[in-house]
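A.B. asks: what follows is a predicted structure for the sequence shown.
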Amino acid sequence: MEYSRLGRSGLKISSLVLGTMNFGNPTSKEESLKIVDRAIETGINLFDCADVYAEGESERILGEAFAKNGKRKDIFITSKVFMRTGPGPNDAGNSKHHIIESCEASLKRLRTDHIDIYFLHRTDFDIPQEESLAALDLLVRQGKVRYVGCSTHPAWRIVEAFWISDRYHYPKFICEQPPYNLLDRRIENEIVPMCQAYDLGLITWSPLAQGVLAGCYTDPSNLPEGSRGTQKRIYAERITQKGIEVSLKLAERAKGKGCSVAQLAVAWILAQPGITGAIIGPRTLGQLEDLLLSADLKLDEPDLKFCDA
């Protein structure tokens, strides 16, 4: 496992980050605990979570895992705020109220006194960024959050946040967390160069494009029962015939290299400029074992040109 400095922070994080969105639903608690322990054994030191994953159950499982294995001091935990967590008018968004309330609830579920990196899960165009950043500043001053980050934010909003932080001496985002894979390379237009210019880390999610690049689908109109595409409409809409065709070509290349198509897809991300780490979100221990090998898979120039094509 390789480690890199995360943006403008002093944190050294593993190239593979364990995503926990599946913990609690569909992955059982028992399987999730095994996944956490195995990830630590292999050198993964960053565990990515959010308050809305499995309606809070993912955080509870992660908290139990570190309470049992005693490894909390050796790893970093993230969580996120923005998505709706209740029926009330203030139970969503990036208001000071929701940020502080959600952070307190996450700390309890995670059984920890601090969150290492606290993300704004999405940008909130209804709330001035001054208010959101002031709330994050308060949490940092209280010791409940150590670093702050943003996820799936437009480049201009991130730069605006830097200006506000400079003006009011608020903590600055240390990383952005966008979607990125061979079927979705939008961040290369603005996000990647912006992060490189402002020394911002990049931890990417959806490396397998909802399972398309893992070879999970052969027909977008007939999705396998229990697959990611059957869970939410937004996932199903991203599974297209063109994407499946790309995955089949990628699978041929992977076979020639003696690796799985999922390993090749993740290794491609790690080989791209500006990328600090890639979030993998295995549903099973077997999937984790397969994805772990992508950290050591090196792509040569012909591989990269093939993927670009």
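C.D. replies: Looks like it came in fine.

A.B. asks: who's in contact with the residue nearest to G63 when sequence neighbours are not counted?
C.D. replies: Leaving aside its chain neighbours, G63 sits nearest to R111 (3.7 Å; criterion: CB to CB, 6 or more residues apart in numbering). The C-beta positions use only the backbone N, C-alpha and C, and glycine is treated the same way. R111 sits next to 63-64, 66-67 when contact means CB atoms under 8 Å, 6 or more residues apart in numbering.

A.B. asks: and these, which two are furthest apart?
C.D. replies: Spatially, the most separated pair among the contacts of R111 is E64 and F66, at 7.6 Å (CB to CB).

A.B. asks: the more surrounded of those two?
C.D. replies: Set E64 next to F66 and count neighbours by other CB atoms under 10 Å: F66 wins out with 20 against 17.

A.B. asks: surely S165 and L133 touch.
C.D. replies: Yes - the pair S165 / L133 is scored as a contact, 6.1 Å apart, by CB atoms under 8 Å.

A.B. asks: what is in contact with these two at once?
C.D. replies: Taking CB under 8 Å, 6+ apart as the criterion, S165 and L133 both touch P171.

A.B. asks: those two: who's more crowded?
C.D. replies: Legend: neighbour count by other CB under 10 Å for S165 and L133, higher for L133 (24 against 19).

A.B. asks: for the contacts of R111, give me CSV that also has distance to P179.
C.D. replies: Formatted as CSV, the contacts of R111 follow (distance: CB to CB, whole Å):
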residue, distance to P179
G63, 26
E64, 29
F66, 27
A67, 31
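
A.B. asks: which residues sit against the lowest-mean-pLDDT helix or strand in the chain?
C.D. replies: Here the helix or strand of the chain ranked lowest by mean pLDDT, DSSP states H and E is helix 233-236, holding a mean of 75. Residues outside helix 233-236 that contact it (CB under 8 Å, 6+ apart): 210, 220, 223, 228-230.

A.B. asks: farthest pair within those residues?
C.D. replies: Greatest spatial distance among the contacts of helix 233-236 (CB to CB): P220 and R228, at 12.8 Å.

A.B. asks: neighbour count for those two, which is higher?
C.D. replies: R228 (25 against 17).

A.B. asks: check contacts around that one.
C.D. replies: 210-211, 216, 235.

A.B. asks: which two in the residues you listed are spaced the farthest apart?
C.D. replies: Maximum pairwise distance among the contacts of R228 (CB to CB): 11.1 Å, between C216 and Y235.

A.B. asks: now T230. Nearest residue, chain neighbours left out?
C.D. replies: L223 (5.2 Å).

A.B. asks: the helices in the stretch 101-250 of the chain, which residues?
C.D. replies: For the stretch 101-250 of the chain, helices defined by DSSP state H, counting those that start in this stretch occupy the ranges 129-141, 155-168, 191-197, 233-236, 241-257.

A.B. asks: and the third one, average pLDDT?
C.D. replies: Confidence over helix 191-197, taken as the mean pLDDT, stands at 98.

A.B. asks: which residues touch the residue nearest to T240 when sequence neighbours are not counted?
C.D. replies: Spatial nearest neighbour of T240, excluding adjacent residues (CB to CB, 6+ apart): P220 at 5.7 Å. For P220, the contact set (CB under 8 Å, 6+ apart) comprises 236, 239-241, 244.

A.B. asks: how far away is P220 from T78?
C.D. replies: 32 Å (CB to CB, to the nearest Å).

A.B. asks: then A309?
C.D. replies: A309 is 35 Å from T78, by CB to CB.

A.B. asks: neighbour count for the two, which is higher?
C.D. replies: More crowded of A309 and T78, by other CB under 10 Å: T78, with 25 against 6.

A.B. asks: mean confidence for the helix or strand hosting the more buried one?
C.D. replies: Using DSSP states H and E, T78 falls within strand 76-81. Averaging pLDDT along strand 76-81 gives 98.

A.B. asks: re earlier: ok, of the helices of the stretch 101-250 of the chain, where does mean pLDDT dip lowest?
C.D. replies: Among the helices of the stretch 101-250 of the chain, helix 233-236 carries the lowest mean pLDDT (a mean of 75).

A.B. asks: could you dump that helix to CSV, C-alpha only?
C.D. replies: In CSV, the C-alpha atoms belonging to helix 233-236 read as follows (Å, rounded to 0.1, in the frame of the first residue of the first chain):
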residue,chain,number,x,y,z
ARG,A,233,-33.4,4.8,-10.0
ILE,A,234,-30.5,7.2,-10.1
TYR,A,235,-28.1,4.2,-10.3
ALA,A,236,-30.1,2.4,-13.0
